[in-house]
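> test case, fold it:
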Amino acid sequence: MNRIQQKLQSLVATALVGWLAINACDVSKADPSNLSTRKSPDWLRSAVVYEIFPRNFSPEGNLNAITARLDELKDLGVDILWLMPVHPTGEKMKKGTIGSPFAVRDFYAINPDYGTTNDFRQLIAEAHKRNLKVVMDMVAGQTSWDSVLMQHPEFYLHGTNGAIIPPDPAWTDVAGLNYANPDVRRYMIEMMKYWLGDFGVDGFRCDVAPNVPLDFWEAARTELEKVNPQVIILADAGNNPALLSKAFDLDSSWGTVSMLNNVICSGMPANYIKEEWTYEYQRFPKDALHLRFTDSHEEVRAVVRYGVEGALAAQVLMLTLDGVPLFYNGMEVGDATESSDPALFEKMPVFWHPGGRPPLRDIYRNLIKLRKQYAAFYDGEVVWLDNAAPAQVVSILRRDAKDEFLVLINLSGCKVTGSVQLPNAEDFESVKISGSPIPVATHLPDFSLNGYEWYVYHRTVAK
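Numbering: from 1, shown residues only. Reported below is the predicted structural model:
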């Protein structure tokens, strides 16, 4: 068994254990009316996030190479650039040849391999010219072992023997920060204010947010809003409604991608995705926002896990569900270069011209355009529809007072025929997505879907 297969099995097993643990609870007792969530800006609901690993985004691996491709990202439909950590990477106890960008040596500096502070200012300025927002990755829970903060050992977590320890025993390349020390809190807040005020970044994506006390994040938000009242803060966390109460605008829907892994990689019935979504819906207030993704720096590439057509089908689901969809570092061309281990610790640039792919960029561009054009996708209701092939096909209705969209996605590699339970389904018309096939000659509510095939249909409710 090769390393990728082992990792896939591990992903599936982990997700399944989590799913069983979740459903051992009586989720019917969850009462969203007892929860509160901050009101995120309306524009965020229709936004698209693009995660960039500067080292691997281009052969040059620097900030200027990102600036050079901003027009491409804008054309795709991106609104927010999430930059993985841009700070100097630690050398001491590093993993791999280069080390992880999440082992930060100096929070106040730019990695010299990426460029200069002027290069960073230029990237932000050019992004803002295109109405793109820039979010920095903030690794608040840890530093590298050769961090400039090591001159303050009291800033760190210590084990029973008095030695500094990592926040997680497996994270041997980093040392954990101690938020029981108020000086750590002051330092981190002032540092975030520096990037927000002096450089004009629009916000932060906070790595492993639950590893840092919630009251710190809430205090940080209060201080950051004094600098920029419109600051955006994303939590690297799932299944934690408290984070969205006061501190964060949205979190990561890890449960959804874990269930996708189960469905596509190990044949779990597709309707379990609905169960995962329902659990999330019950746990969180109605206005909670979740980042919807299939690809990230923490996952084996989706085109490797699911195959190219499966990865496309999975991303179609993310683009048509509620929440804020995410693209990662070359996935719009179907790049299969490693993304997690070992890419976090090595130089493994995106291959921008892979062969044997459908026109993914065109398809994604058109789906993003459709999503932004119709509020039913970003501010409407999600209705899960029953269909005659629940083990393979996901069928959802996105609707508001003006429009309804039926989305049918075959998450299996086999051809499936059946029907969807939807009154007056014959009123829907297929939506032509550039680069994708036209539906075969079946008439709703009946459908016929080849492996990983998907279609979107629309009907106008009110003009």
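> quick one: the helices in the stretch 351-463 of the chain?
For the stretch 351-463 of the chain, the helices defined by DSSP state H, counting those that start in this stretch cover 360-373, 375-379.
> dump the C-alpha coordinates for the first one into CSV.
Right, the one you point to is helix 360-373. This file holds the C-alpha atoms of helix 360-373, laid out as CSV (Å, rounded to 0.1, in the frame of the first residue of the first chain):
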residue,chain,number,x,y,z
LEU,A,360,-12.1,23.4,-15.1
ARG,A,361,-11.4,27.1,-14.9
ASP,A,362,-14.3,27.9,-17.3
ILE,A,363,-16.7,25.6,-15.4
TYR,A,364,-15.7,27.1,-12.1
ARG,A,365,-15.8,30.7,-13.4
ASN,A,366,-19.4,30.1,-14.7
LEU,A,367,-20.6,28.5,-11.5
ILE,A,368,-19.2,31.3,-9.5
LYS,A,369,-20.8,33.9,-11.8
LEU,A,370,-24.2,32.0,-11.4
ARG,A,371,-23.8,31.9,-7.6
LYS,A,372,-23.1,35.6,-7.4
GLN,A,373,-25.9,36.5,-9.8
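> would you mark the buried spots in it?
Leu360, Arg361, Ile363, Tyr364, Arg365, Asn366, Leu367, Ile368, Leu370, Arg371 (16 or more other C-beta atoms under 10 Å). In this view, the C-beta of every residue, glycine as well, is placed from N, C-alpha and C.
> dump those to CSV, plus pLDDT and distance to Gly413.
Below are the buried residues of helix 360-373 laid out as CSV (pLDDT from 0 to 100; distance: C-beta to C-beta, whole Å):
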residue, pLDDT, distance to Gly413
Leu360, 97, 18
Arg361, 97, 24
Ile363, 97, 19
Tyr364, 98, 21
Arg365, 98, 26
Asn366, 97, 24
Leu367, 98, 22
Ile368, 98, 26
Leu370, 98, 26
Arg371, 97, 26
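> tabulate those residues (CSV), appending distance to Ala311.
What follows is these, written out as CSV (distance: C-beta to C-beta, whole Å):
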residue, distance to Ala311
Leu360, 9
Arg361, 14
Ile363, 11
Tyr364, 11
Arg365, 16
Asn366, 17
Leu367, 14
Ile368, 16
Leu370, 19
Arg371, 18
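> on that earlier part again, out of the helices of the stretch 351-463 of the chain, which is closest to Gly334?
helix 360-373 (5.2 Å; C-beta to C-beta).
> which residues touch that closest one?
Applying C-beta atoms under 8 Å, 6 or more residues apart in numbering, the contact partners of helix 360-373 are 46, 48, 75-77, 312, 315-316, 319-320, 325, 327, 331-334, 377-378, 431, 433-436, 456.
> among those, which are located in strands?
Mapping those onto strands (DSSP state E) picks out Pro325, Phe327, Val456.
> could you dump stretch 428-445 to CSV, C-alpha only?
The C-alpha trace of stretch 428-445 is given here as CSV (Å, rounded to 0.1, in the frame of the first residue of the first chain):
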residue,chain,number,x,y,z
PHE,A,428,-37.3,23.7,-14.4
GLU,A,429,-34.9,24.4,-17.3
SER,A,430,-31.3,23.3,-17.4
VAL,A,431,-28.7,25.9,-16.8
LYS,A,432,-25.9,25.9,-19.4
ILE,A,433,-22.5,25.9,-17.7
SER,A,434,-19.6,26.6,-20.1
GLY,A,435,-17.4,23.5,-20.4
SER,A,436,-20.0,21.1,-19.0
PRO,A,437,-22.3,18.8,-20.9
ILE,A,438,-25.9,19.5,-21.7
PRO,A,439,-28.3,17.1,-19.8
VAL,A,440,-29.3,14.0,-21.7
ALA,A,441,-32.9,13.9,-23.0
THR,A,442,-34.7,13.0,-19.8
HIS,A,443,-37.5,15.0,-18.3
LEU,A,444,-37.6,16.0,-14.7
PRO,A,445,-38.4,14.6,-12.2
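> show me what that stretch is in contact with.
For stretch 428-445, contacts defined as C-beta under 8 Å, 6+ apart pick out 358-360, 362-363, 365-367, 370, 404-406, 419-422, 425-426, 448, 453-459.
> now stretch 262-270, how far from the chain's geometric center?
On the basis of C-alpha atoms, centre = their mean, to the nearest Å, stretch 262-270 sits 20 Å off its chain's mean C-alpha point.
> repeat for stretch 220-229
Distance of stretch 220-229 from the chain centroid (C-alpha atoms, centre = their mean) equals 24 Å.
> all strands for the stretch 51-200 of the chain, in order.
Assigned by DSSP state E, counting those that start in this stretch, the stretch 51-200 of the chain shows strands spanning 80-83, 133-138, 142-144, 174-176.
> can you pull the buried residues of the first one?
Neighbour-count burial for strand 80-83, counted by 16+ other C-beta under 10 Å, picks out Ile80, Leu81, Trp82, Leu83.
> export those residues to a markdown table and tack on pLDDT and distance to Val208?
Output for the buried residues of strand 80-83, formatted as a markdown table (pLDDT from 0 to 100; distance: C-beta to C-beta, whole Å):
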| residue | pLDDT | distance to Val208 |
| --- | --- | --- |
| Ile80 | 98 | 20 |
| Leu81 | 98 | 21 |
| Trp82 | 98 | 15 |
| Leu83 | 98 | 17 |
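> residue at max distance from the center of this structure?
Within the chain, the residue lying farthest from the chain centre (C-alpha atoms, centre = their mean) is Asn161, at 38.5 Å.
> returning to what we had before: so which of the helices of the stretch 351-463 of the chain gets nearest Phe351?
Closest to Phe351 of these, according to C-beta to C-beta: helix 360-373, at 13.5 Å.
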